[in-house]
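Student: Below are the sequence and a predicted model; questions follow.
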Amino acid sequence: MQPRLAASQAGDATNTKISIMPPDGSTLRYRIAGPISFGALLQLKRDVSHLPGVSAVNVSPAEDGEAILSLHAQDSADVWQQLQTLPSREVGR
Amino acid sequence: MSDRPSVLIVSQDAELGKLNAALQAERILVDTAETVADAEWFVRDHPNALCVIDGKLPASVAFQTYELAHASDTRTAIMLVTPETAEQFDVSGAGPTNDECIPRSSTVEQIVLRLKAVMILSGFDVAIAPAAARNGTAHESPGSHRGKVTMVFSAKGGVGKTTIAVNAAVALARMGHSTLLVDADLYFGDASILLNVVSKRSLMDLADVYQVDGASVQQLMVNHESGLSVLSSPPEMERVETLSSDIIVSAISAASYSFEHVIVDTHSSFDETNLQLMDLADRIVLVTTPEVGATFNTARFVGLTDTLGYRDKLMLVLNRAESGINQDAVEKNLGTRVEATVVSAGKRAVSAANRGVPLVIEDARNEQRITRDLGQIASLIAGEQPHSSTSGEAKSWLFGRKLALSSARSA
């Protein structure tokens, strides 16, 4: 299953694929398909940090321009749902 | 924005040391960090710092640095991208609008120029011309005309130097010459008092200017009713020592491209500022009075001008000419010709000073002898009357200067 992060701004229809990775202990992890610009990653991190019930958000660039999103959340299913509808100015290309 | 522009270069590549040196030459505060932790220290103290991120950094370090750069809304990131990292650093459509990507293969000069452009966008006062083009007197394009710089100096205080400088400057302005009067008597200058001009701006403001150029100096000037422009001495004595002689001399040099005449009033001292001004000046109006003390010190100074190679610039003015030793004796003692005399008119001069009205304005019809004498000095400066200093042989400048300073200090 590979949902998309929706672009909120008109004319900015670039979407990025996000997939669930195995958690690392209590840390939830997601793979962001690349290549993704640093500006987009920073925006994504800010947006995710504002989600309710989410803490300790971290974004780290990985191989091939991909990135790993990691966070702590009380309800992983709820976070996953929110990530799919997350408004992001531009998450990738 | 008043703070000095600062740049943090985040790189693990020693090759970028050249960029560091080039930015320092531009008087930009610059530091280099290899780790995010190091970078945090710098940006904590410099909230507006431009962060230059090396595109060759490991991606995780580069991103953390990018994140750090944008932890403050006023900070901008400049990315030195390689073909491999160009997409990661791509700023089109995302991120702060002032971010820039520069090919890492660019020359240091190109990178510096781009950084300066971003600084200007961020509100800093930055000169675009490279540092190499701004040293010495090269403030304007080679074809631009430089006005005459006249330094008014005396070897002893209280001989009427400022009165002569102010009145000569006003007279020049009234003769139709674009003229600037600079009060370079930094601690005790009172030219603005004699002209009754009030300004919150002064030479002191140059200490806060990133690049001293014609435009920055122009902003500090005030206009006198005569048409004269005035650059006042600092009102705060306690800050004067922070104003370097290089800044003062650069300011006067830069201003000389905007005026036909720059008259510089000075204090009676052989300090670095005055020495640099003597180097810069086209003419040194040396004011003395017919008294033993003044003549003695003036003779010593005239002797030094031979050694320093300034003799040809000298224009000796004898103030209060008829009130002491006669002119012939003064000339004999000094070994140089008095080119202009100013009659003693104590009460009139003091009264004019107290009212802030220059004598040449108060007596616009030149009915008084003192006004004509002061006007004569202006004519000499303007070159409307021939200048004929006794010429001394110019000696080796550097050697002579050291020798002279050594003698002066041991005297």
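Tutor: That came through fine.
Student: Tell me where chain A has strands.
Tutor: A:4-5, A:16-24, A:27-32, A:54-61, A:67-73 (DSSP state E).
Student: Contacts for stretch B:43-53, please.
Tutor: B:1, B:3, B:5-11, B:19, B:29, B:39, B:42, B:62, B:65-66, B:68-69, B:71-72, B:74-80, B:89, B:111, B:115, B:118-119, B:122 (C-beta atoms under 8 Å, 6 or more residues apart in numbering or on different chains). No exception for glycine: its C-beta is placed from N, CA and C like everyone else's.
Student: Just these: which are in helices?
Tutor: B:Leu19, B:Ala39, B:Phe42, B:Ala62, B:Thr65, B:Tyr66, B:Leu68, B:Ala69, B:Ile111, B:Leu115, B:Val118, B:Met119 (DSSP state H).
Student: Closest to A:Leu28 out of those?
Tutor: Proximity of the ones in helices among the contacts of stretch B:43-53 to A:Leu28 (C-beta to C-beta) peaks at B:Tyr66, which lies at 23.5 Å.
Student: Now for whichever residue of chain A sits closest to chain B, how many residues are close by?
Tutor: At 2.7 Å from chain B, A:Gly39 is the closest residue in chain A, using C-beta to the nearest C-beta. A:Gly39 has 24 neighbouring residues, counting by other C-beta atoms under 10 Å in any protein chain shown.
Student: That one against B:Asn98, yeah?
Tutor: No - look at A:Gly39 against B:Asn98 with C-beta atoms under 8 Å: they stay out of range, at 11.8 Å.
Student: Ok, which of the strands of chain A comes nearest B:Ala33?
Tutor: That would be, of the strands of chain A and by C-beta to C-beta, strand A:54-61, which comes in at 18.8 Å.
Student: Can you see whether the closest one contacts chain B, counting any residue in it?
Tutor: Yes - residues of strand A:54-61 contacting chain B under C-beta under 8 Å from any C-beta of the partner chain: A:Val59, A:Ser60, A:Pro61.
Student: now the second one, which residues is it bridged with?
Tutor: So that's A:Ser60. A:Ile68 (DSSP bridges).
Student: Identify the residues contacting it.
Tutor: So A:Ser60 contacts A:Ala67, A:Ile68, A:Ser70, B:Ser60, B:Phe63 (C-beta under 8 Å, 6+ apart).
Student: Just the buried residues out of those residues, in ChimeraX syntax.
Tutor: Of these, the buried ones can be selected in ChimeraX as follows, counting by 16 or more other C-beta atoms under 10 Å in any protein chain shown:
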select /A:67,68,70 /B:63
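Student: so which of the strands of chain A comes closest to B:Ile377?
Tutor: strand A:54-61 (72.6 Å).
Student: Output the contacting helices and strands for the longest helix anywhere in chain B.
Tutor: With secondary structure taken from DSSP H, chain B has its longest helix at helix B:292-308. If contacts are counted by 3 or more C-beta pairs under 8 Å, 6 or more residues apart in numbering or on different chains; DSSP states H and E, helix B:292-308 sits against strand B:283-288, strand B:314-319, helix B:327-334, helix B:397-410.
Student: just the angle between that helix and strand B:314-319, please?
Tutor: If you take axes from the mean of the first three to the mean of the last three C-alpha atoms, to 10 degrees, helix B:292-308 sits at 170 degrees to strand B:314-319.
Student: Mind listing what's buried along helix B:292-308?
Tutor: In helix B:292-308, counting by 16+ other C-beta under 10 Å, buried: B:294-295, B:297-299, B:301-308.
Student: so where is the chain shaky, pLDDT-wise?
Tutor: I'll assume chain A. Scanning chain A for pLDDT under 70 picks out the ranges A:1-16, A:87-93.
Student: my question was about chain B
Tutor: B:1-4, B:91-97, B:127-144, B:209-210, B:385-411.
Student: pretty sure B:Ser202 is in contact with B:Val230, am I right?
Tutor: No - judged on C-beta under 8 Å, B:Ser202 makes no contact with B:Val230 at a distance of 9.8 Å.
Student: Which ones among the contacts of stretch B:43-53 also lie next to chain A?
Tutor: Filtering the contacts of stretch B:43-53 for neighbours of chain A using C-beta under 8 Å from any C-beta leaves B:Ala62, B:Tyr66, B:Met79, B:Phe89.
Student: which residues does the residue lying closest to the last one once chain neighbours are set aside form a beta bridge with?
Tutor: Spatial nearest neighbour of B:Phe89, chain neighbours left out: B:Met79 (3.9 Å); criterion: C-beta to C-beta, 6 or more residues apart in numbering or on different chains. When assigned by DSSP bridges, B:Met79 has beta-bridge partners B:Ile53, B:Cys101.
Student: isn't B:Met79 right up against B:Glu100?
Tutor: Yes - counting by C-beta under 8 Å, B:Met79 does reach B:Glu100; the two are 7.2 Å apart.
Student: Which one's more surrounded, those two?
Tutor: Each of B:Met79 and B:Glu100 has its neighbours counted (other C-beta under 10 Å); B:Met79 has more, 29 against 20.
Student: hey, which helix is longest across chain A?
Tutor: helix A:38-49.
Student: chain center to that helix, what's the gap?
Tutor: Helix A:38-49 has its C-alpha centroid displaced from the chain centroid by 8 Å (C-alpha atoms, centre = their mean, to the nearest Å).
Student: tell me which strands and helices it is in contact with?
Tutor: So helix A:38-49, by 3+ C-beta pairs under 8 Å, 6+ apart, packs with strand A:54-61, strand A:67-73, helix B:59-69.
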